[in-house]
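Chemist: sequence below, structure please.
(one chain, ligands or ions: 1)
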Amino acid sequence: MKNKIAVVTGGAGFLGSHLCDKLILEGMKVICLDNLLTGRMENIQHLIPNENFQFIKLDVTNYLHLPGNINYVLHFASPASPIDYLKYPIQTLKVGSLGTHKALGLAKEKGATFLLASTSEVYGDPLIHPQSEDYWGNVNPVGPRGVYDEAKRFAEALTMAYHRYHGLDTRIVRIFNTYGTRMRLDDGRALPAFISQALNGEDLTVFGDGTQTRSFCYVSDLIDGIFKLLLSNETMPVNIGNPHEITIEDFAKEVIHLTNSKSKIIHQDLPIDDPKVRQPDITRAKEILGWEPKIGREEGLKLTLEYFKKIPK
Ligand code: UDP
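Modeler: Numbering: from 1, shown residues only. So this is what the prediction gives:
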């Protein structure tokens with residue numbers, strides 16, 4: 001890995017910044033691209049003095065040219081929380097479509113390996129449970145979440161077209177719910193929402209009746225899985241996530257317990273097309289990558305809580 005050069009789009013985001021850390025730790029040089037729409041300089045401030053790290057503020061949906069040799073292009077740019085992609089629907093569609101096209105073009109020009117950050121949202125509101133990679137999904141193209149789901153589905157199709165037509169070396173990771181340090185407290189996702197509400201003594205807002213399920217993966221496990229996928233030669237999509245499933249109601253209770261909060265749970269309307277269940281089938285990741293998550297929710301939540309307590313409000 002020494003001296004290999006990787007480009008990370010969305011490198012100042014939650015996952016992108018952890019990925020930059022990992023690649024640098026593995027001896028690579030990293031060029032981080034981000035337009036800072038939802039990414040933040042705080043996430044990469046510690047990397048700025050590192051001579052193996054370079055940050056360029058740019059929008060990856062525009063023409064992309066970088067001089068010199070590049071070995072890997074990892075495309076992580078996109079708003080990724082439901083609140084963010086509802087706030088930036090056109091940008092979300094553009095970065096998943098035009099941005100993926102530009103990032104693939106860069107990889108092709110440089111003869112680099114390309115890795116797409118895809119998502120469990122390609123399965124939509126799934127009719128198969130747990131979700132394995134051969135499930136085609138149940139997505140509403142014209143619903144509010146469609147901007148993200150369809151952009152990522154298009155991005156997967158484009159990645160496979162570059163692989164099949166241009167012979168590009170490609171990877172597709174389908175990322176399931178992930179949490180950990182560097183999430184924005186205000187990104188609207190269940191975990192930061194619940195933690196900030198519990199810490200502020202506010203009621204926890206569970207949407208719907210709380211029986212919908214998710215399966216939460218700690219960020220370091222996810223990044224390990226993605227790195228293993230990058231080094232593998234698997235070109236078909238691979239789910240990376242933690243299969244330990246929980247209802248959102250129980251998840252809210254766990255956060256109240258962990259924070260010793262006196263907050264109560266209140267129920268609000270379920271957002272349109274909110275998936276009722278979600279759990280990754282990680283058989284493929286286990287078999288092909290020898291990967292499975294190591295950090296349980298209790299440990300992961302404690303690490304995340306410590307981080308949220310320390311950051312300035
Ligand atoms: N959710 C909730 N309260 C919140 C935020 C989210 O009950 O304040 C629910 C949301 O409706 C969904 C689940 O928690 O069923 C996970 O939502 P999140 O936004 O974290 O991500 P998603 O898995 O939907 O992409």
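
Chemist: and the end-to-end length of stretch 287-298?
Modeler: Counting by CA to CA, to the nearest Å, you get 26 Å between the two ends of stretch 287-298.

Chemist: cool, stretch 274-290 as well?
Modeler: With CA to CA, one end of stretch 274-290 sits 32 Å from the other.

Chemist: pLDDT on that stretch, on average?
Modeler: The average of the pLDDT scores along stretch 274-290 is 98.

Chemist: now do the buried residues in that stretch.
Modeler: Using 16 or more other CB atoms under 10 Å as the test for burial, stretch 274-290 gives Pro275, Val277, Arg278, Gln279, Pro280, Asp281, Ile282, Arg284, Ala285, Leu289. No exception for glycine: its C-beta is placed from N, CA and C like everyone else's.

Chemist: so which of these sit within helices?
Modeler: Among those, the members found in helices (DSSP state H) are Arg284.

Chemist: could I get the buried residues of stretch 274-290 as TSV with distance to Ala252?
Modeler: Shown next, in TSV, are the buried residues of stretch 274-290 (distance: CB to CB, whole Å):
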residue	distance to Ala252
Pro275	17
Val277	17
Arg278	16
Gln279	18
Pro280	22
Asp281	26
Ile282	25
Arg284	31
Ala285	28
Leu289	32
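
Chemist: now tabulate the buried residues of stretch 274-290 in JSON lines and tack on distance to the ligand.
Modeler: Listed next are these as JSON lines, based on distance: CB to the nearest ligand atom, whole Å:
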{"residue": "Pro275", "distance to the ligand": "6"}
{"residue": "Val277", "distance to the ligand": "10"}
{"residue": "Arg278", "distance to the ligand": "6"}
{"residue": "Gln279", "distance to the ligand": "11"}
{"residue": "Pro280", "distance to the ligand": "12"}
{"residue": "Asp281", "distance to the ligand": "17"}
{"residue": "Ile282", "distance to the ligand": "17"}
{"residue": "Arg284", "distance to the ligand": "21"}
{"residue": "Ala285", "distance to the ligand": "19"}
{"residue": "Leu289", "distance to the ligand": "23"}
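
Chemist: wait, Phe55 sits on Val30?
Modeler: No: counting by CB atoms under 8 Å, Phe55 stays clear of Val30, with 9.2 Å between them.

Chemist: any common contacting residues for those two?
Modeler: Common contacts of Phe55 and Val30 (CB atoms under 8 Å, 6 or more residues apart in numbering): Gly11, Leu47.

Chemist: with neighbour numbers in mind, choose between those two.
Modeler: Taking neighbours as other CB atoms under 10 Å, Phe55 and Val30 compare with Val30 leading, 25 against 19.

Chemist: Pro243 touches Pro130, doesn't it?
Modeler: Yes: taking CB under 8 Å as the definition, Pro243 is a contact partner of Pro130 at 6.5 Å.

Chemist: ok, which stretches of this structure are strands?
Modeler: For the chain, applying DSSP state E gives strands covering 5-9, 29-34, 53-57, 72-75, 113-119, 170-175, 178-179, 204-207, 213-215, 217-218, 238-240, 245-247, 265-268.

Chemist: tell me how far the fourth one is from the chain's mean position?
Modeler: The chain centroid and the centroid of strand 72-75 are separated by 14 Å, computed with CA atoms, centre = their mean, to the nearest Å.

Chemist: please apply the same query to the third one.
Modeler: Here the centre of mass of C-alpha atoms in strand 53-57, compared against the chain's by CA atoms, centre = their mean, lies 20 Å away.

Chemist: so for that strand, mean pLDDT?
Modeler: The model assigns strand 53-57 a mean pLDDT of 98.

Chemist: and the angle from it to strand 5-9?
Modeler: Following axes from the mean of the first three to the mean of the last three CA atoms, to 10 degrees, one obtains 30 degrees for the angle between strand 53-57 and strand 5-9.
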